[in-house]
Structure formats: C-alpha cells, structure tokens
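Asker: show me how the following folds:
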Amino acid sequence: MQKWGRLVEDSPQELTAFVTVFPRGRAALAQTQVIWAGDDTEAAATALQPFVDLAPILHQQAQLAPYAAVMRPVHEEHYGQAHMRSRSALLDHLDARSATTIGRLLADRDIHMFQIRSVGAAVNATPADATAYAHRTQNFALSATINESRRAHAEQTWTEFGSHAVYLGFETHGDSSSLANAYPPATLARLRRVKAAYDPDNIFHTSIPIPPLIRSPSAGSNDCSSPGDRNPDERFRSSFEPS
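Answerer: Next up is the predicted model:
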C-alpha cells in the first residue's frame, strides 16, 4: 500500500488511480484501476508500467475510451437504501501507520471491502471555499464497508488512521461530530445558511443532516437545532441507528 501510494503521488497529474481490496481466505485480492487523461499513449504506458511491476498480476487489460465511458450511467430506478455500513477517511499520505491499519482491518475480517481513491492534483488545486467539499490538502480518500458482526472492533481500528476529515458520500452511520469532520466551520456555516433558505423545516434530514441556521428572536444568537428538535443529537441517533 505504501508503494502504491508513493507511485500515485509521484505520477503526473494526468493519472488517477483507485485500488479496491477484498479479503479472500487468509489473503486479500486487490484490483487497481488507473486512468490516464490524454491521448498520448506512449506517455500513458510509461506512467502505467510501475503499477504493473508493483505486485504479482493475475489479470490485466488496457483500453482507449472516452471520458463518458469511465462511469457508465445505469438507467434504472434507484431507491438509495443500501443496507450496509461504510466508513470514510481522508489522508495526506499512505504511510506505515495507515498501511498497518488497513492490514489489520483485512486480517481481522472487520471489513468486506476496502477502497482508496486518489484525490490530489486537480482536486487540491480547487480553492477550499469554492464548493461544499473543502478538504483540498489530502491525497487519498479511503472507504470501507464494515462487517456488521465485527462492528465495534472495526470502529476501534478505524480510529487508528488518525484522520479527522471524511467524505460524507461514504460515511453512512455518523453522528453530530461527522459534520465537523466533513465541513470546516466556515463551510458548515455557509451550508446552514443555504439550508435555512431552501429547507428551513429540515425535510431532507436522513443520512447526516445539516441543521438549518435559526436566529433566536430573543437573544439574536444562532440556534444550532432544527425546527422542532429539542436535541440535535437525537436527530442524528434516530437517523443512523438501525431500526
């Protein structure tokens, strides 16, 4: 994992890499997808070759494809109700600590799947205040689906990454602290103002909800709760705990 991470960080900006790891018996099976954005096939081959040399290869393929073919649309109904528990973490580097933690999660069967996505380069070139996604220094986005029977142990091991930044798209069961890890204070304040303008009654409150900004008429201060919520943490618990 450390070697893969160094390859990604040392690669040209045209290269984007994912790696997905599945536990298989006493070992693990990893699949990496590396994309070169450009039509210089010679430069692409030069950049891809170190990934081929990284570990024993069971199967490989390469193809020329337009950008639209990288993620093909699925024209089917979507209900957004996947019954799984996933976790997220954003890291600057894949160092010895993170590699060891990944190894433990796999060896202990705490997870069903582990994925790393490279998010540096053009992602980090975007100003932190340009979008709701404000984490613009990390190079890697980690995600995993948790083995529910190993949930407590997996959650404890996950803390060993030492990350206080998450991507909410891969964080299914958070709490009120998840918002602070997903959005810096200025970003969260901006999102709460948007929420107050477009969803003041907090109708969209599943997953990890953003409470709309409410100004107290008496004190003129900001009330962090949503309309009708006596305790915002109760809303988080009701949203995330399985029924």
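
Asker: identify the residue nearest the geometric centre of this structure.
Answerer: Centroid-nearest residue in the chain, with CA atoms, centre = their mean: Tyr167, separated by 4.0 Å.

Asker: phi first, then psi, for the residue nearest to Ala62 when sequence neighbours are not counted.
Answerer: Spatially, and ignoring its direct neighbours in sequence, Ala62 is nearest to Leu48 (7.3 Å; CB to CB, 6 or more residues apart in numbering). Every C-beta, even on glycine, is put in place using the N, C-alpha and C of the backbone. The phi/psi pair for Leu48 (degrees, to the nearest 10) reads phi -80, psi -30.

Asker: how many other residues sit next to Leu48?
Answerer: Neighbour count of Leu48, defined by other CB atoms under 10 Å: 18.

Asker: max-length helix in this structure?
Answerer: Using DSSP state H to define each element, the chain has its longest helix at helix 185-198.

Asker: mind checking how far Leu191 is from Ile208?
Answerer: 12 Å (CB to CB, to the nearest Å).

Asker: again with Ile116
Answerer: Distance of Ile116 to Ile208, given as CB to CB: 22 Å.

Asker: among the two, which residue is more densely surrounded?
Answerer: Neighbours per residue, other CB under 10 Å: of Ile116 and Ile208, the larger number sits with Ile116, 27 against 20.

Asker: any idea what the more buried one is bridged to?
Answerer: On the basis of DSSP bridges, Ile116 is bridged to Val19, Leu142.

Asker: Gln31 and Pro127: what is the separation?
Answerer: Per CB to CB, Gln31 is found 33 Å from Pro127.

Asker: which one of those two is surrounded by more residues?
Answerer: Neighbour count, other CB under 10 Å: between Gln31 and Pro127, Gln31 has more, with 12 against 8.

Asker: now that one: closest residue in space, sequence neighbours ignored.
Answerer: Nearest residue to Gln31 in three dimensions, chain neighbours excluded: Thr20, at 5.1 Å (CB to CB, 6+ apart).

Asker: burial check on that neighbour, number of neighbours?
Answerer: By other CB under 10 Å, the burial measure for Thr20, its neighbour count, is 15.

Asker: do the one 5 residues further on as well
Answerer: For Gly25, the number of neighbouring residues by other CB under 10 Å comes to 6.
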